[in-house]
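Engineer: I'd like to go over a predicted model; first the sequence, then the structure.
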Amino acid sequence: MRLVRGLLEGTRRGTRVALLVVAAYVVLAAGARWVAPQPVQDLRSLDLMNSSLPPAWDADGRREFLLGTDEQGRDVLSGALFGLRLSMGVGFAAVALAMLIGLAAGLLSGYRGGWLDAFLMRIADAQLTFPAILVAMLLDGVARSVLPRSVHETLGIPVVIGAIALAQWVPFARAARVGTLVEREKGYVQAAQVMARPGWSILLGHVLPNVLGPIVVIATIGLGNAILTEATLSFLGVGIPPTSPSLGTLVRNGSAYLPSGAWWMVVFPGLALAGLVLAVNVAGDGLRDGLDPKQRSAVS
Amino acid sequence: MIAGVLTRLLQGLGVMLVVGLLAFAVSTKLGDPVNNMLGQNATIEEREAMRRELGLDQPFAVQYGRYLGRVVRGQLGVSYRLGVPVGELLVERLPASVELSGMAMLLTLVLGVPLGIYTAIRRGSLLSKIILGASLAGLSVPTFLTGLLLIFLFAVQLQWLPSSGRGEVVSIGPWTTGLLTASGLRSLLLPAITLALFSLALLLRLVRGELLDVLHSDHVRFARARGLPERSINFRHGLRNALLPVVTVAALQLGNLLAFSVVTETVFQWPGMGLLFLQAVQFVDVPVISSYLLLAAVAFVLINLVVDVSYLVLDPRVRSTVGGR
């Protein structure tokens, strides 16, 4: 709690609004089952008679389908809500995994130093130059050729989460390493060392809580990127199986009907996605400025 | 300084060997080449003969060595999907990708740097705030959505610009270019804007951030105290010191452009290497996947090399620590 209050201190109103918007997205996504007008995951609820209807305010639209329907008669609003749930789930999971890998690597690297430090940081350098999308596509290509089709479909989501995490752990590791290098020299850590506390206990009990500040900011900015990467992969039809459509998949499906003028299938899921990423980015930006006093004075 | 460049070159070579190993592992260990060539019904003797012929009975190191030899001579295997040598495919697709990424990079630099400078110097102005807001939106709207919306607006509704393909191309030797015909240029416009938007927003914000940082540093305050003209402070004292990290990120963005060109080429059905790679992943076309992996690694090693060398040239501090003199 103190961490949260410390982070919010000195942030602008825009940042807090953005955080509220993100929170609203989380609630909507988590409650998709209750909020969505149509249980789109149940294929029996679809009726081809309702296919490709425009939004409700259009002359051809129908009131029960507020944002129109897709070519299979699926309510666009409901589809977007369920897609949001998947997109956010993948995003959060990927960032959490990246944070775990990064923290472990960074803490070890900074605390131990020596060849381990050099080795881990070289890997980090190499990783940084290779974009997440290419990593994910390669992993997916490999998974596709090694695994039988049915296994690949069930493993699709974990593979995407792993690929995004693999591409994002570096900033976490660098921040944790720098923080650890600073904390290691401080009196309380050296006191704990003199008292012969084991290394892992010092790292987790003393060092970790003190390097978390920047980590939270990196996680926020990383979340926006993770959601974008997942959406892009789904749009390309790589990774997430089409049976559980995320926002990117919805845009992909809808894009086939764009030339015939059915814009609502692309625009609404797309806007939901862009709005979410925008809110996350604004929040991350604000939190970073709040942590960095030099930037704060430069902005106000 | 030459020692520094040499070290970087050697490191790059090391990275290439590792990626080569990865590509080799992908191309031989994925799927059974004997099965692919002979089909499921071949006898055991036929398989053994094929294995010997392909050198698959040799130790791993020997196989890897032979693989490297073939790659260096440009023999990258035959695409499973198209039945064409991968080398020919890449040569055919390369110009489209290079022209698209090049145009996007040009847009990014030509617009990103001046806009970044403007928003840093005129920090409070309304135009700056609008530009910054737009750049945040640019970072948040996914590339594929930008592309689709542009297609819907300019190709479907207004019918001003084509929605897909490269238009007419002119061949100059092995190179095909769309830059010399009107329809080629019109076709290039939407994909290039789509691809540039994200990196443009990123570069703009970076230039602004770095310049603001420098403008708050002591030597700029001192220059101001000396009563130097604003122009000289902003450009000679500020910009020069702000540009160093910008060079790095601009170069790293080139790598990102390579990745996102997969998206843009898919949206616009642009006949480049990104589209080729995506189709290869979807059809498990292993020779194409491993060749693209190699090519991407070459590109990234080169990009990093250029960045490091530009550091050595631009920043005397780095020169003294890395060059060892």
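Structural biologist: Received, thanks.

Engineer: residue nearest the centroid of chain A?
Structural biologist: Centroid-nearest residue in chain A, with C-alpha atoms, centre = their mean: A:Gly91, separated by 2.6 Å.

Engineer: and the gap between the residue of the stretch 51-200 of chain B found nearest chain A and B:Gly74?
Structural biologist: In the stretch 51-200 of chain B, the residue found nearest to chain A is B:Ser140; the distance is 3.8 Å by C-beta to the nearest C-beta. The way it works is simple: take the backbone N, C-alpha and C, and place the C-beta from them, glycine included. Taking C-beta to C-beta, to the nearest Å as the measure, B:Ser140 falls 42 Å from B:Gly74.

Engineer: Backbone dihedrals for B:Phe268, both of them.
Structural biologist: The phi and psi torsions at B:Phe268 (degrees, to the nearest 10) take the values phi -100, psi 10.

Engineer: one step back: okay, B:Ser140 and B:Gly74: which has more neighbours?
Structural biologist: Just comparing B:Ser140 and B:Gly74: by other C-beta atoms under 10 Å in any protein chain shown the higher neighbour count belongs to B:Ser140, 23 against 12.

Engineer: is it true that the more buried one touches A:Val277?
Structural biologist: Yes. Look at B:Ser140 against A:Val277 with C-beta atoms under 8 Å: they come within range, at 4.2 Å.

Engineer: For the stretch 151-300 of chain B, what lies in contact range of chain A?
Structural biologist: The stretch 151-300 of chain B comes close to chain A at residues B:151-152, B:156, B:163, B:212-213, B:216, B:252, B:255-256, B:258-260, B:262-263, B:266-267, B:277-278, B:280-282, B:284, B:286, B:289, B:293, B:296, B:300, as judged by C-beta under 8 Å from any C-beta of the partner chain.

Engineer: Show me just the buried residues among these.
Structural biologist: Among these, those classed as buried by 16 or more other C-beta atoms under 10 Å in any protein chain shown are B:151-152, B:163, B:212-213, B:252, B:255-256, B:258-260, B:262-263, B:266-267, B:277-278, B:280-282, B:284, B:286, B:289, B:293, B:296, B:300.

Engineer: What about these, which are in helices?
Structural biologist: Secondary structure defined by DSSP state H assigns B:212-213, B:252, B:255-256, B:258-260, B:262-263, B:266-267, B:277-278, B:280-282, B:286, B:289, B:293, B:296, B:300 of these to helices.

Engineer: sorry, back to before: can you check which residues contact both of B:Ser140 and A:Val277?
Structural biologist: A:224, A:228 (C-beta atoms under 8 Å, 6 or more residues apart in numbering or on different chains).

Engineer: show me where pLDDT drops low in the stretch 1-150 of chain A?
Structural biologist: The model of the stretch 1-150 of chain A has pLDDT under 70 over residues A:1-11, A:40-53, A:56, A:61-63, A:65-66, A:73, A:126, A:128-129, A:145-149.

Engineer: at 90 what do you get?
Structural biologist: Low-confidence regions of the stretch 1-150 of chain A, defined by pLDDT under 90, span residues A:1-87, A:104-150.

Engineer: Point me to the residue of it nearest chain B.
Structural biologist: Nearest to chain B, among the residues of the stretch 1-150 of chain A, is A:Pro131, at 3.6 Å (C-beta to the nearest C-beta).

Engineer: tell me the contacts of that residue?
Structural biologist: For A:Pro131, the set of contacting residues under the criterion of C-beta under 8 Å, 6+ apart consists of A:167, B:255-256, B:258-260.

Engineer: which one among those gets closest to A:Pro259?
Structural biologist: Distance from A:Pro259 was checked for each of the contacts of A:Pro131 by C-beta to C-beta. The minimum falls on B:Phe260, at 23.0 Å.

Engineer: what pLDDT does that closest one get?
Structural biologist: According to the per-residue confidence, B:Phe260 scores 81 in pLDDT.

Engineer: For it, which non-adjacent residue is closest in space?
Structural biologist: The shortest distance from B:Phe260 to any residue that is not its chain neighbour, by C-beta to C-beta, 6 or more residues apart in numbering or on different chains, is 5.3 Å, and that residue is B:Thr143.

Engineer: how about the one you found, what does it touch?
Structural biologist: For B:Thr143, the contacting residues are A:232, B:194-195, B:197-198, B:260, B:263-264, B:267, by C-beta under 8 Å, 6+ apart.

Engineer: Please produce TSV containing these, extended by distance to B:Val307.
Structural biologist: As requested, those are arranged in TSV below (distance: C-beta to C-beta, whole Å):
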residue	distance to B:Val307
A:Thr232	25
B:Thr194	25
B:Leu195	21
B:Leu197	23
B:Phe198	20
B:Phe260	19
B:Val263	24
B:Thr264	24
B:Val267	29
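
Engineer: of the residues you listed, closest to B:Leu111?
Structural biologist: B:Leu197 (10.0 Å).

Engineer: Give the buried residues for the helix or strand hosting the closest one.
Structural biologist: Using DSSP states H and E, B:Leu197 sits within helix B:182-215. Of the residues in helix B:182-215, those with enough neighbours to count as buried (16+ other C-beta under 10 Å) are B:184, B:187-188, B:190-215.
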